[in-house]
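[1] What follows is a predicted structure for the sequence shown.
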Amino acid sequence: MRLTKTIENATVNVSRKVTKAKLKKDKTLDVSFEETVTIIEMVDGEEVSKTVQAEYTRVGKNIVHEDMESALEYLRPHLAILCDQVEAQDKEYYELDSDLESLDRYKVNSYAIGGSGISEGVTLTGTRYGKYGPQNLNSQFTKYEGGENEETYEHAFELRGMINHCNEEALLYVEGKMAPTAQLDMFEQEEKERSENEGQEFE
């Protein structure tokens, strides 16, 4: 996500890149991201730029919007395939992707992005719910692009697209996108606090 603002004689560009997102049991989301701020201004007729980079982790306090949950659900077939699960055996990716009965056994809880350039990839973490209880799953680090003499995940293109979609939703969450009920709860709490404050006397 990239934002551009003009402040007096300076232009400020802000870009954020998600490195990790984790959906917690209470349906709030923790998001880690790298933020790059570039300030461009004119000094004595010359353009001068300054760049500052930092890493942040925002701990979620509000319930995620259903769009975020849906984005993570799109990763379920990849989790099953990369963790070599029985539901993924002898099935093509798109066949598994449409097999909702099988996919309902899976939940993707988090993902972590690492590397850069042709070495960039992701690790998926989730759960498979089986007859004898839940089983924790962790995929191996999967590159989007393989180098020379490296075996590439056959559905890396689809995986990358889904991760990009998750990143977009995660950054929107950081910016304030949440479940409508969470917004109502927040407004109700603010109204309650306002009413309580109106009844107080100050010396």
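    Right, received. Where do you want to start?
[2] Buried residues, stretch 99-114. List them.
    S102, L103, R105, Y106, K107, V108, N109, S110, Y111, A112, I113 (16 or more other Cβ atoms under 10 Å). Backbone N, C-alpha and C define where each C-beta goes, glycine included.
[3] Columns distance to V122, pLDDT and secondary structure on top of those residues, output as a markdown table?
    Converted to a markdown table, the buried residues of stretch 99-114 look like this (distance: Cβ to Cβ, whole Å; pLDDT from 0 to 100; DSSP: H, G, I helix; E, B strand; the rest coil):
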| residue | distance to V122 | pLDDT | secondary structure |
| --- | --- | --- | --- |
| S102 | 22 | 94 | helix |
| L103 | 19 | 96 | helix |
| R105 | 21 | 96 | coil |
| Y106 | 16 | 97 | strand |
| K107 | 17 | 97 | strand |
| V108 | 11 | 98 | strand |
| N109 | 14 | 97 | strand |
| S110 | 10 | 98 | strand |
| Y111 | 5 | 98 | strand |
| A112 | 7 | 98 | strand |
| I113 | 5 | 98 | strand |
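[4] Show me the helices in the protein, by range?
    66-73, 76-82, 93-97, 100-103, 156-174, 180-198 (DSSP state H).
[5] Which of those helices sits closest to F141?
    helix 76-82 (9.9 Å; Cβ to Cβ).
[6] Could you pull out the buried residues of that closest one?
    R76, P77, H78, L79, A80, I81, L82.
[7] just the helices of the chain: most buried one?
    When you average the neighbours per residue for each of the helices of the chain (mean count of other Cβ atoms under 10 Å), helix 76-82 leads with a mean of 25.
[8] For that helix, which helices and strands make contact with it?
    helix 93-97, helix 100-103, strand 106-114, strand 121-130, helix 156-174 (3 or more Cβ pairs under 8 Å, 6 or more residues apart in numbering; DSSP states H and E).
[9] and the helices of the chain as CSV, adding distance to K22?
    Formatted as CSV, the helices of the chain follow (distance: least, Cβ to Cβ, whole Å):
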stretch, distance to K22
helix 66-73, 10
helix 76-82, 14
helix 93-97, 23
helix 100-103, 20
helix 156-174, 10
helix 180-198, 17
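[10] Mean pLDDT lowest where, among these?
    Here the helices of the chain differ in mean pLDDT, and the lowest is helix 180-198 at a mean of 51.
[11] coming back round to it: want to throw the buried residues of helix 76-82 into CSV with distance to S15?
    Shown next, in CSV, are the buried residues of helix 76-82 (distance: Cβ to Cβ, whole Å):
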residue, distance to S15
R76, 29
P77, 30
H78, 26
L79, 29
A80, 33
I81, 32
L82, 29
